[in-house]
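In: Let's see this in three dimensions:
(one chain, ligands or ions: 1)
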Amino acid sequence: MKATITAIGGFVPSSILSNEMISRMVETTGEWIVKRTGIKERRLAKDENQGTSDLACAAIENLFETYDIDRSEIDGLVLATATPDHLLTPTASKVCEKSGFTNAFGFDLNAACSGFLYALEMATTMIESGRYEKVVVVGADKMSSIVDYEDRNTCILFGDGAGAVLLEKTESEYGMMKSILRTDGSGTSALLVPAGGSKLPATAQTIADKKHFVNQEGAFVFKRAVESMSNVSRDVLASNELTVDDIDWVVPHQANLRIINAVSETLNIAAEKVKVNIDRYGNTTSATIPLCLWDFAADFKEGQNILITTFGAGFSWGATCLKWGVMRNLRNLQAIKTEKELEHDLVCS
Ligand code: COA
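Out: Okay, here's the model as predicted:
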């Protein structure tokens, strides 16, 4: 029994925060941001009361509008997020209710930027166990809710968005292969939101000290990301008895284009095989990988091998391989972006 992706959906808010706009907010330039990160713009959820659950639901709606599947058949939802709607009550509960998953369990999983890969692995093992058949895996984050737009070290990087995949059991040769997930708590202080949790609950002082925003040691995180993503990718290829030449596409976490390029060069993978959309969305944390799968779904052909790798706060990191399988029938052909539309998007951005 294997698990395979049979449907994909995605959502980014319509409001764009361009480099030019950021350069009017903090001391930086569009040129610096593009050169050091590859990011040209990011999307922000600006609607009043729009939380992570709304982004997740929009991505799920896009999936169900695109592919032919009955919501009542869904067994479970694993929602990867680092920005839940509330500290207490799982965001997944609201998402299950609003998405019409009436016969399903739902829970949140926080592994920061590695959340989607961790969630994919949890859902894969649930399906491989034979106890569940259809699990929706979502990565969704409203990073704008924890970013300080006066801090040029972080506000240039992050954006809001969500991506969703349907994972189903299959007896075919397609689907998820072996994964490797890793965690190292010694990296905690290098990338975190210091206050608002049980360790340092909110007070007037924590707010005054801006401790509810992302704080990071950028250069240190950068180095660890390149090293960890490269090593774990090599290890996961070996554990699946694959070589770099067997890989058709790489879908890396989108944190910084220079990280992506350094990992590709270390692994000796041609740039044309590496999917990149950080220029348009920035780092959407749990959402980068499913948004990338969604954006480039039209390029993936049956039987092709895809390498996914990620790194995030914690530190948390990992990699997996999958053989692209047969997707569910489309409801609405227009909902899948064609290569031409993507080219058009890039030209416009
Ligand atoms: N505009 C202009 N200058 C900036 C800047 C900005 N937005 N942000 C930082 N700088 C300055 C720094 O103050 C520093 O100046 P100094 O030399 O006078 O001290 C200089 O640029 C170099 O800073 P550094 O932090 O070494 O830059 P960098 O090349 O490492 O780029 C990041 C900074 C944040 C873009 C980069 O470190 C990064 O992307 N790190 C990984 C972050 C990440 O991926 N986080 C999420 C993990 S999932």
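
In: alpha carbons only for contacts and neighbour counts from here, please
Out: Fine.

In: ok, for residue 319, nearest residue in space, not its chain neighbours?
Out: Spatial nearest neighbour of residue 319, excluding adjacent residues (Cα to Cα, 6 or more residues apart in numbering): residue 309 at 4.1 Å.

In: typo on my end, residue 330
Out: Residue 330 sits nearest to residue 67 (Cα to Cα, 6+ apart), 4.5 Å away.

In: Contacts only, for that neighbour.
Out: 7, 328-332 (Cα atoms under 8 Å, 6 or more residues apart in numbering).

In: what's the neighbour count on residue 54?
Out: For residue 54, the neighbour count with other Cα atoms under 10 Å is 22.

In: Pull up the per-residue confidence for it.
Out: We have a pLDDT of 98 for residue 54.

In: residue contacts, it?
Out: Residue 54 neighbours (Cα under 8 Å, 6+ apart): residue 95.

In: what separates it from the ligand, distance-wise?
Out: Computed as Cα to the nearest ligand atom, to the nearest Å, the residue 54 to the ligand distance reads 23 Å.

In: Going forward, count from 32.
Out: Understood, numbering begins at 32; the last thing we discussed is residue 85.

In: CA atoms of the stretch of helix or strand that residue belongs to as CSV?
Out: In the assignment (DSSP states H and E), residue 85 maps to helix 83-97. The C-alpha coordinates for helix 83-97 follow below in CSV (Å, rounded to 0.1, in the frame of the first residue of the first chain):
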residue,chain,number,x,y,z
THR,A,83,-4.7,31.3,8.5
SER,A,84,-7.9,29.2,8.5
ASP,A,85,-9.3,31.4,5.7
LEU,A,86,-6.1,31.0,3.6
ALA,A,87,-6.2,27.2,4.2
CYS,A,88,-9.9,27.0,3.3
ALA,A,89,-9.4,29.0,0.1
ALA,A,90,-6.6,26.6,-1.0
ILE,A,91,-8.9,23.6,-0.2
GLU,A,92,-11.8,25.2,-2.1
ASN,A,93,-9.4,25.6,-5.1
LEU,A,94,-8.6,21.9,-4.9
PHE,A,95,-12.3,20.8,-4.8
GLU,A,96,-13.2,23.3,-7.5
THR,A,97,-10.5,21.9,-9.7
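
In: Just checking the distance from that helix to the centre of its chain.
Out: Per Cα atoms, centre = their mean, to the nearest Å, the displacement of helix 83-97 from the mean C-alpha position of its chain is 14 Å.

In: One more: stretch 102-118?
Out: Using Cα atoms, centre = their mean, the offset of stretch 102-118 from its chain centre is 14 Å.

In: likewise stretch 341-355?
Out: Distance, centroid of stretch 341-355 to centroid of chain: 10 Å (Cα atoms, centre = their mean).

In: got the end-to-end distance for it?
Out: 19 Å (Cα to Cα, to the nearest Å).

In: So is that stretch next to the ligand?
Out: Yes - using Cα under 6 Å from any ligand atom, we find that stretch 341-355 touches the ligand at 342-343.

In: In that stretch, which residues are buried?
Out: For stretch 341-355, the neighbour count (16 or more other Cα atoms under 10 Å) marks 341-355 as buried.

In: tell me which of those residues is nearest to the ligand?
Out: residue 343 (3.9 Å; Cα to the nearest ligand atom).

In: which residues does the closest one contact?
Out: Contacts of residue 343 (Cα under 8 Å, 6+ apart): 142-145, 256, 316.

In: switch to 7 Å and redo it
Out: 143-145 (Cα atoms under 7 Å, 6 or more residues apart in numbering).

In: And residue 76, by the same measure?
Out: Residue 76 touches 44, 46, 191, counting by Cα under 7 Å, 6+ apart.

In: Which residue ranges of this structure form strands?
Out: Under the criterion DSSP state E, the chain carries strands at the ranges 33-42, 46-49, 72-75, 107-111, 136-140, 165-173, 191-201, 206-214, 222-223, 246-247, 280-283, 336-343, 347-354.

In: Next, the buried residues of stretch 244-259.
Out: 244-247, 252, 255-257, 259.

In: circling back: quick check: of the contacts of residue 343, which lies closest to the ligand?
Out: residue 144 (5.2 Å).

In: rewinding a little: now, which of the contacts of residue 343 lie close to the ligand?
Out: residue 144.

In: Kind regards, and thank you for your time.
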